[in-house]
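In: Sequence isn't available, so here's the structure alone:
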């Protein structure tokens with residue numbers, strides 16, 4: 001009996017030391033300026049965009065990623081294109097968009113694009129300040145900063161769109177970038193007008209909570225997870241512990257593919 005108790009205590013001590021070591025390692029690692037959301041492709045924590053805008057970006061970014069994973073594109077190392085959009089309240093110089101791009105690992109094969117909209121918070125709404133456009137190392141061979149800048153000037157700053165309608169400005173640019181990628185990277189067509197008309201028809205509809213908004217109330221602090229893991233391992237319910245951690249993750253297309261940017265960016 002005493003021997004069994006000693007083994008249990010030794011096991012508990014070993015598990016505790018292991019978890020403590022992991023926590024220290026995680027806390028010492030540099031964290032990104034913005035934490036990626038569960039849906040990955042859209043990060044609008046300030047809630048500065050319409051619900052339909054967020055769902056549009058999530059849906060069509062997932063669709064592009066899935067399309068780009070076809071076998072011919074995998075063989076040519078141009079698979080895994082990811083377009084990610086984020087919003088931030090503050091200034092362009094508050095953090096490095098390149099560091100954020102690389103910490104999120106946007107795109108397989110360095111085929112990623114990151115657009116960040118910078119806002120300032122007013123008394124009643126948000127005021128737009130700048131847009132930063134960062135391009136992955138391999139994607140830069142298909143979308144130059146010069147071309148991207150022209151897309152921003154033509155579609156985001158379209159004079160026919162009301163100055164305060166940054167949802168429409170963003171979607172105009174987003175679909176223009178999609179069109180450029182489908183044609184120049186994958187030699188396919190993309191009917192931008194069809195997608196814009198669909199968006200405008202549903203612009204003020206509510207499509208429900210995003211995945212990260214659905215689980216927001218279920219995210220526990222680190223110390224709770226420590227207790228869950230220790231109890232799970234002590235009572236031999238490791239699969240349950242794995243399930244608990246896996247419950248809050250989406251695999252495959254809803255995470256970065258390890259893509260890198262060499263600092264190829266601009267802001268307008």
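Out: Nice, I can see it. Since the structure is predicted, the reported quantities are computational estimates derived from the model, not experimental observations.
In: Show me where the stretch 151-268 of the chain has its helices.
Out: Ranges of helices within the stretch 151-268 of the chain are 166-184, 192-201, 211-214, 222-234, 238-246, based on DSSP state H, counting those that start in this stretch.
In: Can you flag the weakest of the ones you listed by average pLDDT?
Out: Per-stretch mean pLDDT for the helices of the stretch 151-268 of the chain is lowest at helix 238-246 (a mean of 40).
In: Can you give me the end-to-end span of stretch 100-115?
Out: End-to-end distance for stretch 100-115: 11 Å, by Cα to Cα, to the nearest Å.
In: what is the rounded mean pLDDT of it?
Out: For stretch 100-115, mean pLDDT is 97.
In: Residue 198 versus residue 167, what's the distance?
Out: Distance from residue 167 to residue 198, counting by Cβ to Cβ, to the nearest Å: 14 Å. In short, each C-beta sits where N, CA and C put it, glycine included.
In: Looking at those two, which one has more neighbours?
Out: Neighbour count, other Cβ atoms under 10 Å: between residue 167 and residue 198, residue 167 has more, with 20 against 11.
In: for the more buried one, what are its contacts?
Out: The neighbourhood of residue 167, defined by Cβ atoms under 8 Å, 6 or more residues apart in numbering, consists of 49-50, 52-53, 203.
In: Over to residue 49?
Out: Contacts of residue 49 by Cβ under 8 Å, 6+ apart are 42, 87, 166-167, 170.
In: For my notes, confirm it occurs in a helix.
Out: No - under DSSP: H, G, I helix; E, B strand; the rest coil, residue 49 sits outside any helix and is assigned coil.
In: a helix runs through residue 87, doesn't it?
Out: No - read with three-state DSSP, residue 87 is strand and lies in no helix.
In: What's opposite it in the beta bridge?
Out: Assessed by DSSP bridges, residue 87 has beta-bridge partners residue 117.
In: top of the contacts of residue 167 by neighbour count?
Out: residue 50 (23 neighbours).
In: And that residue, what's its pLDDT?
Out: 97.
In: Pull the contacting residues for it.
Out: Neighbour list for residue 50: 167, 203-204 [criterion: Cβ under 8 Å, 6+ apart].
In: same check, this time on residue 192
Out: Taking Cβ under 8 Å, 6+ apart, one finds 175-176, 178-179 in contact with residue 192.
In: got it, and residue 52?
Out: Going by Cβ under 8 Å, 6+ apart, residue 52 touches 167, 199, 202-207.
In: Ramachandran angles for it?
Out: Main-chain torsions, residue 52, degrees, to the nearest 10: phi -70, psi -30.
In: Okay, it and residue 146: tell me how far apart.
Out: Distance, residue 52 to residue 146, by Cβ to Cβ: 31 Å.
In: next one: residue 267
Out: Taken as Cβ to Cβ, the span from residue 267 to residue 146 is 14 Å.
In: With residue 175 instead?
Out: Distance, residue 175 to residue 146, using Cβ to Cβ: 20 Å.
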